[in-house]
Structure formats: structure tokens, C-alpha cells
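Participant: Sequence plus predicted model, see below.
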Amino acid sequence: MTTSREVAGPQTVRTIGDDAARSGAERASSVAQLDRPGDLGYARDSLPPTLTALAVGVVLLALLPLAYLLVRAAGASPAAWGLLLQPRVLAIVANSVLLTLAVTTASIALALPLAWLTTVTDLPGRRAWTVLTALPLVIPSYVGAFAVLAVFGPRGALQELLAPLGVERLPEIYGFFGAWFTLTLFTYPYVLLTLRGAWLRLDGSLEDAARILGHGPWSVWWRVTLPHLRPAIAAGGLLVALYTLSDFGAVSLMRFNAFTQAIFVQYRSSFDRSLAALLALVLVAFTLALLWAEQRTRGRARTSRAGSGSPRPVRQVVLGPWRWPALALVAGVVALGVGLPVGVSALWGVRSWATGESLTPLLRPMAHSLTAAGLAALATTAAALPIALLAARYRHPLVTWLERGSYVGNGLPGITIALSLVFFGARYAPFLYQTLPLLIFGYAVRFLPEAVGSSRASLLQVSPRLEEAARGLGLSPWRAWWRVTWPLARPGIAAGAALVFLTVMKELPITLLLGPTGFKTLATEIWSATAEAFYARAAVPALLLVLASSLSIGLLLKEHER
């Protein structure tokens, strides 16, 4: 068997070897190998000082809202602590846990077939469906929830269509089912995008080697494909779970009593915010539990390619007669996740234009939205890279806690993060109060896990041995990372940046409380209109929000295919 050698050239590292001389068994044992943590070439107990210092600094800043909650909780009265054990609070806990588990499970079950169909099959119009199936991510939960109610509510559009058949009222959609249906419909793209990036990075020779060794399709799926997709599934599922825990718009409109609604009521109706802080701390506990579950699901195995030769795309699957049922599935999901909210918004827009509404006043909010989202995506991705690199390359207790600490902010409602930073800015940094940098910082705290999870999943698929080979040939650590690791991990890192951009575009509480005076965005325009029941006025900014965000999804998916 010819020995492979890794060479670093001026532009990239080329792997030279004689793959044709390998037998099926030798190739399977080399290419499909899952590296053990101790075999990475990186010391398990020694961390790079500069990278570790950067990661520690980022996590400490991200934990500022938690520090605020601890200060509030420390000043809580014994009566406030006693309220946590009241039956009503325990019911809220049960509701939130049940909703989170249901939405996460349904999102994974929906995203897996969609990612497979739009990535490795001959689905008709695959490129168009790739963009359309990711578009529900750009729909704000409050816009999506109202569209669901407008069509499927007891007196919605569907009931009007069925009225000639004697249907006077549809079953209630409020409560758990409505919240579960809405959140699943608009959060499954978190899993879809991370899965798509992982599938495009998967080496097709792994599956071929398994087939040569006699494994059938299901055995190849369980033994080869699924272990390589598991980090992406875990990362996407964690984002869905954290989003569900912190969502306010959908659960409020669906009248489902969850944590975020209870915290919001406490902040608005009580001068003493200690109980709201205690409830938010319970959310932090749930976040840590989710992080532990995600780490167990992810496992300790690595999925980087250990053999020689260039990775080959996964073989395209011919659907044959199943292409039409598959097309119906994809079209049905797109109709509900995109057609429903866009159609309702378009109907409102027609009514708005009929009354003489102008688009000119929306140009400034759109510019504000694009500026804030772009800056937040860049800042959050840069902050996430040190944490993602440590999590992907090192097994150390400090790294575990740093990664978990970076996820705390995403488990908190946006209103809690915003109020904590208002408290911090007004008391300790008045020069930052109601400025754009503080707003960007709030976004970064809230959405840091989106960049960390996607970047880490991509870095896990890049073998550290490639970077070590470049360093052995004389490149500095920084130049080796830039020339070798960065080009290979860039699609996943770009996916994280795009996720941050999309979620910032529709973020509401942080923008309302931390934005500079007069800093209106498309999200705040939609919120102010819907809060006053002026749905026609909310339609145009909602459509502009979808348009601007869909362009970023198109760029993201194009980057994935490179």
C-alpha cells in the first residue's frame, strides 16, 4: 500500500496517494475511520494560551445577562423564592419542557428527509426547493402565528371556504397544538441548514467502501452516514430547542402559557422584577440541561477524513417513481412555511396599497435592519471562532464549560438580555447606552450559539492532520489555519453567519429596548403595526423582511455548493 503524503503549496494542501492501489477493506479502514480524541495530534491537557484567553473573554461577556439575573435573584424575598414551587409555576415548567421536546423532535424528523431530498437526490427543481425549504427561517414567529390563525383559526379563511358545506366553526387551534405546529413550521430550517452543510462535506467514498464490504442501504445509513451527520443534527436540534424556550411571539398569540410569557408579564406588571429573574434562572437551568443532552448526543467520535486522496461528493440518488411523492412532500412544506405567511401578507399588502400607503417611509427601517444584521453577523462569527476551534480540537474540562457558557444567552428571552444590558449601560457604561455598539453586543450575546454550533460542526469535519502537515512544512500556526482549515471549514462558518443575519433581521425585544433613539427596523415596524391591529400596514414591511432575508439564504446555499 502506497504511503500518502500531505504537501502544503502556495494556495492549498494537496494530498498525494495511490488510492487505486488500496483494497476495499484497506480503504474502508483508512477513509471511514473516526478519529479518537487521543489520536488527533493535539495535546489533550494543554490549551493554546491566546485562543483560550479570547474564548474566556467572549464567554465572560456573554454571561453578563446571567450576572444581572443572579444579582436580582440575590435580592429576592423569601416569598418570591416560595412562588417558584407554586402549582401554576410548575405547570409553566411542564408546558415549556413538553413544547421544547415536541418542537425539536418534529423539526429533526422534518428536516432530515428535506435535507436528503434537496442535497443528494434528483428531485425536480432541486436548486429552487433548496432555497424555498430554508425560507421559513426568515418569517418572524409572530407573523407566522398570525398567518396560521388567519387561515386555520376557528373563524379563519379555511372556515369561510367550508361554510357552504355547513361548517360554522373549526376546532380550536389555540394552545399546545397551535404553538407546536407554528414553531415547528418556522424553526426546522435550523436543522435543515446545518444538515445540508454536513451532507455536502461528506465524502462519498465512505458509503462506497461500505457497500463494497457488503453493507446494504440501511446498514450504510446507520454505520457510515448517520455518525457523520450526528454533530449537525445535534447542533441544529439544540438551536431549535433554545429558540422554542425563548420564543415569545408564537406562544403569546397561541395563548399557550410558557416561560417567556410568564416572564414578560412579571416584567410588565410588577415593579419588583425578582420573580421574573428567578423564572429566567430556571430557563438557564434548562439551557444547561439541553447542552448536556446535546453533548451526549454528539458523542466523542470525530468525523474528519483520515485517508488520502481528494474527497468525492456523495453519489446522487435516483428517486424513480418516488420523485412525485417526494415532490409533493417538499411542495406541501413550502406551501405551509412560505406560501401561507407570504400569501396572507400579500393580501394585507394589497389592502394597504389600496389605501395609498407609500414604500418610502420603509426605506430607512430596511437600511437599519440590513446594517444591524450585517454587523451582528460579522461580530458574532468572529466571537464564536475561538470557542468553536477549542471545542473541535481539544478535550478539556475548561473547553466544555466555555462551550456551555456560550449557549446561556440563547436560552434567555430577548427581553431579559435587553433589560440586563440596559441596567449595565445606564449604571456602568453610560457612553454605550442606546448606541449601535450596545445593540450589536446584545445581538451577539443572544445569537452566539448559532455561530458556535455551525462553526464547530464544520471544523469537526476538517482533519487536524492537514493543518499539522502544513505546519511541519514550515508554515506558522496562523498561516496553516488560514490556508488549510479555513477554506475547508468556510461553508459551515458562513452558515453560522447567515443564521445570525437571518435571526437578527427579525429580532424584536432587543431591538426595541437597546436600539438608538429613532432606530426603527422592519421588525419593529411590523410589531408596532400588529400591536395596534393595523395588519395591512404590517404587510409591506413583512414582505420586505422576507425578501431581504431570502437573498441571504440564497447566498448561503450557493456558498455551501462550492
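Facilitator: Thanks, I have the structure now.

Participant: From here on, just use CA atoms for contacts and neighbour counts.
Facilitator: OK.

Participant: Tell me where the stretch 151-300 of the chain is predicted with low confidence.
Facilitator: Applying pLDDT under 70 to the stretch 151-300 of the chain picks out residues 201-226, 266-273, 295, 297-300.

Participant: any chance you could map the helices in it?
Facilitator: 157-162, 176-201, 204-212, 217-220, 226-246, 249-253, 259-269, 274-298 (DSSP state H, counting those that start in this stretch).

Participant: Can you point out the helix or strand that includes the spatially closest residue to residue 548 that is not a sequence neighbour?
Facilitator: Using Cα to Cα, 6 or more residues apart in numbering and skipping residues adjacent in sequence, the residue nearest residue 548 is residue 370, 8.0 Å away. Element membership of residue 370 [criterion: DSSP states H and E] is helix 363-393.

Participant: my guess is residue 539 meets residue 353, correct?
Facilitator: No: using Cα atoms under 8 Å as the test, residue 539 is too far from residue 353 to be in contact (9.9 Å).

Participant: out of these two, which sits in the more crowded spot?
Facilitator: Using other Cα atoms under 10 Å, the more surrounded residue of residue 539 and residue 353 is residue 539, with 28 against 15.

Participant: I'd assumed residue 505 was in contact with the residue nearest to residue 548.
Facilitator: Yes: with contact defined as Cα under 8 Å, residue 370 reaches residue 505; the gap is 7.2 Å.

Participant: which of those two has more neighbours?
Facilitator: Neighbour count, other Cα under 10 Å: between residue 370 and residue 505, residue 505 has more, with 29 against 21.

Participant: what does the average pLDDT come to for the strand or helix carrying that one?
Facilitator: Using DSSP H and E, residue 505 sits in helix 486-506. For helix 486-506, mean pLDDT rounds to 82.

Participant: For it, list every residue counted as buried.
Facilitator: 488-506 (16 or more other Cα atoms under 10 Å).

Participant: Tell me how many other residues surround the residue lying closest to residue 51 once chain neighbours are set aside.
Facilitator: Of all residues not flanking residue 51 in the chain, residue 386 sits nearest, at 5.8 Å (Cα to Cα, 6+ apart). When neighbours are defined as other Cα under 10 Å, residue 386 has 20 of them.

Participant: Please apply the same query to residue 467.
Facilitator: The number of residues packed near residue 467 is 24, by other Cα under 10 Å.

Participant: Quick check, pLDDT for it.
Facilitator: At residue 467, the model reports a pLDDT of 72.

Participant: With residue 547 instead?
Facilitator: 78.

Participant: wait, what's in contact with it?
Facilitator: By Cα atoms under 8 Å, 6 or more residues apart in numbering, the contact set of residue 547 is empty.

Participant: Could you say which helix or strand holds it?
Facilitator: If you go by DSSP H and E, residue 547 is part of helix 535-560.

Participant: number of nearby residues for residue 390?
Facilitator: Residue 390: 23 surrounding residues under other Cα under 10 Å.

Participant: Thought residue 398 was touching it, still the case?
Facilitator: No: Residue 390 lies out of contact with residue 398 (Cα under 8 Å); the separation is 9.6 Å.

Participant: Next, the contact list for residue 334, please.
Facilitator: Shown in contact with residue 334 (Cα under 8 Å, 6+ apart): 132, 133, 136.

Participant: now, which of these lie within helices?
Facilitator: Of the positions in the contacts of residue 334, 132, 133 sit in helices, assigned by DSSP state H.

Participant: Drop the exposed ones from the contacts of residue 334 and show what's left.
Facilitator: 132, 133, 136.

Participant: Is it possible to get these out as a markdown table so that each row also shows pLDDT?
Facilitator: What follows is the buried ones among the contacts of residue 334, written out as a markdown table (pLDDT from 0 to 100):
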| residue | pLDDT |
| --- | --- |
| 132 | 87 |
| 133 | 90 |
| 136 | 88 |
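
Participant: Among those residues, which one sits closest to residue 84?
Facilitator: Of all the buried ones among the contacts of residue 334, residue 84 sits closest to residue 136, with 35.6 Å by Cα to Cα.

Participant: quick one, what contacts the residue nearest to residue 51?
Facilitator: The neighbours of residue 386, taking Cα under 8 Å, 6+ apart as the test, are 51, 52, 54, 55.

Participant: now the angle from the helix holding residue 370 to helix 486-506?
Facilitator: Put simply, helix 363-393 runs at 140 degrees to helix 486-506, going by axes from the mean of the first three to the mean of the last three Cα atoms, to 10 degrees.

Participant: Now helix 363-393: buried residues?
Facilitator: Residues 365-366, 368-370, 372-393 are the ones in helix 363-393 that count as buried (16+ other Cα under 10 Å).

Participant: how much space between the residue nearest to residue 548 and residue 545?
Facilitator: Taking Cα to Cα, to the nearest Å as the measure, residue 370 falls 10 Å from residue 545.

Participant: Residue 54 now?
Facilitator: Residue 54 sits 34 Å away from residue 545, going by Cα to Cα.

Participant: Also residue 192?
Facilitator: Distance, residue 192 to residue 545, using Cα to Cα: 21 Å.

Participant: Please say which of these two ends up with more neighbours.
Facilitator: residue 192 (28 against 24).

Participant: Skipping adjacent residues, who's closest to the more buried one in space?
Facilitator: Excluding its sequence neighbours, the residue lying closest to residue 192 (Cα to Cα, 6+ apart) is residue 111, at 4.9 Å.

Participant: Same check on residue 83?
Facilitator: Using Cα to Cα, 6+ apart and skipping the chain neighbours, the partner closest in space to residue 83 is residue 89 (7.4 Å).

Participant: The one you found contacts residue 80, doesn't it?
Facilitator: No: counting by Cα under 8 Å, residue 89 does not reach residue 80; the two are 11.6 Å apart.

Participant: that older thread, redo the contacts of residue 386 as a markdown table? Include pLDDT.
Facilitator: Formatted as a markdown table, the contacts of residue 386 follow (pLDDT from 0 to 100):
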| residue | pLDDT |
| --- | --- |
| 51 | 88 |
| 52 | 90 |
| 54 | 92 |
| 55 | 92 |
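
Participant: out of those, who's nearest residue 471?
Facilitator: Residue 471 has its nearest neighbour among these in residue 51, at 17.4 Å by Cα to Cα.

Participant: Does anything pack onto the helix or strand containing the residue nearest to residue 83? Which helices or strands?
Facilitator: If you go by DSSP H and E, residue 89 is part of helix 87-120. The contact analysis (3 or more Cα pairs under 8 Å, 6 or more residues apart in numbering; DSSP states H and E) places helix 87-120 against helix 126-134, helix 176-201, helix 226-246, helix 259-269.

Participant: quick one: that helix to helix 274-298, angle?
Facilitator: 40 degrees.

Participant: Quick check: buried residues in helix 87-120?
Facilitator: 89, 92-93, 95-97, 99-108, 110-112, 114-120.

Participant: again, but for stretch 176-195
Facilitator: Of all the residues in stretch 176-195, those buried under the rule 16+ other Cα under 10 Å are 176, 178-195.

Participant: do stretch 399-418 as well
Facilitator: Residues of stretch 399-418 classed as buried by neighbour count (16+ other Cα under 10 Å): 399-400, 402-418.

Participant: Return the subset of these lying in helices.
Facilitator: Applying DSSP H to the buried residues of stretch 399-418, the entries found in helices are 399, 400, 402, 403, 404, 405, 406, 414, 415, 416, 417, 418.

Participant: Those residues into a markdown table, with extra columns for pLDDT and distance to residue 72?
Facilitator: Shown next, in a markdown table, are those (pLDDT from 0 to 100; distance: Cα to Cα, whole Å):
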| residue | pLDDT | distance to residue 72 |
| --- | --- | --- |
| 399 | 88 | 28 |
| 400 | 85 | 27 |
| 402 | 89 | 24 |
| 403 | 86 | 25 |
| 404 | 83 | 22 |
| 405 | 85 | 20 |
| 406 | 87 | 21 |
| 414 | 80 | 17 |
| 415 | 76 | 15 |
| 416 | 78 | 12 |
| 417 | 87 | 13 |
| 418 | 83 | 15 |
